[in-house]
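> turn this into a model:
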Amino acid sequence: MKLPNGFGTVYKLQGNRRRPYVAKKTIQGKQKALGYFETFEDAMAYLVEYNRDPALLSPSKTTFAEVYALWKAKHFPELRSESARIGYRNSYRHCQRLHSMKFVDIRLPHLDAVIDDVRTAGCGYSTQKKVRCLLEQLYKYGAKYDLITRDYARYLDIDKPKKVYVKKPFTIRQRNKLWRGIDEMPREIRIVLMLMYSGCRIGEFRHVRKSDVKLRRRLFVVRHSKTVAGENRFLYLRS
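Coordinates of the predicted model:
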């Protein structure tokens, strides 16, 4: 994989190693190992972060894997959850047929083939949507740094969502059953009731502290949320 002069290099070492990929760069006339990594993209992301200049790459030579590494080095630190990072890594694996292709040479049929691979693997709408989201992010990044001339991800079609089950709110009978059993399992049932009456996400509720609960005002404050817009908001306990 050709990188600009002085940018550094990433390659795989021989043998059975836990971290087989090494990122190297010539510093003061000597090639120095910057670190060892489990995957190529992790090593490339570290090398990019070390150089801190994505504009160094040539649009005519930059591969899909390199664009992903560049985007990952910038975007992953901004993500608030590890599950989001895992989702993007899995989506990248589904794009394996694109990894070695020049990003500027990729066309819509190539992206359609990726979605076909996802279907062949037995994955439905949810996985296809995540793969498309990754491709949209990469094309947005590529356009920002003049690595592409046209955004093909915007034309990518995926399957329609299928309703596996219809969500239904708790009935009055179910709520009353919880209230009647609160003496038997006070802690667990109180948590369920607070989630039910406030509409709070489970992940948000786990980060609520004692100082965030205002009993007299019948509310609590959400400090940690899935999104920045959801932070520091008041949730009232409806009756």
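> where are the low-confidence patches of the chain?
1-4, 28, 52-58, 226-232, 236-239 (pLDDT under 70).
> biggest helix in it by residues?
helix 125-144 (DSSP state H).
> dump the very next helix or strand once past that one to CSV, keeping only the CA atoms.
Using DSSP states H and E, the next helix or strand after helix 125-144 towards the C-terminus is helix 172-180. Presented in CSV, the C-alpha positions along helix 172-180 are these (Å, rounded to 0.1, in the frame of the first residue of the first chain):
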residue,chain,number,x,y,z
ILE,A,172,-52.8,-0.4,33.6
ARG,A,173,-53.1,-4.0,34.9
GLN,A,174,-49.3,-4.5,34.4
ARG,A,175,-48.5,-1.2,36.2
ASN,A,176,-50.7,-2.1,39.1
LYS,A,177,-49.1,-5.5,39.4
LEU,A,178,-45.7,-3.8,39.8
TRP,A,179,-47.0,-1.5,42.5
ARG,A,180,-48.5,-4.4,44.4
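> just to revisit the earlier point, just checking, what packs against the longest helix of the chain?
helix 64-75, helix 82-94, helix 108-120 (3 or more C-beta pairs under 8 Å, 6 or more residues apart in numbering; DSSP states H and E). Glycine gets a C-beta too; all of them are placed from N, C-alpha and C.
> report the buried residues of it.
127-128, 130-132, 134-135, 137-139, 141-142 (16 or more other C-beta atoms under 10 Å).
> what's it in contact with?
Helix 125-144 is contacted from outside by 64, 67-68, 70-71, 74-75, 87-88, 90-92, 94-95, 103, 111, 114-115, 118-119, 147-148, 151-154, 156, 158-162, using C-beta atoms under 8 Å, 6 or more residues apart in numbering.
> quick one, domains of this protein?
Under the assignment automatic domain parsing, the domains of the chain span 9-155, 172-236.
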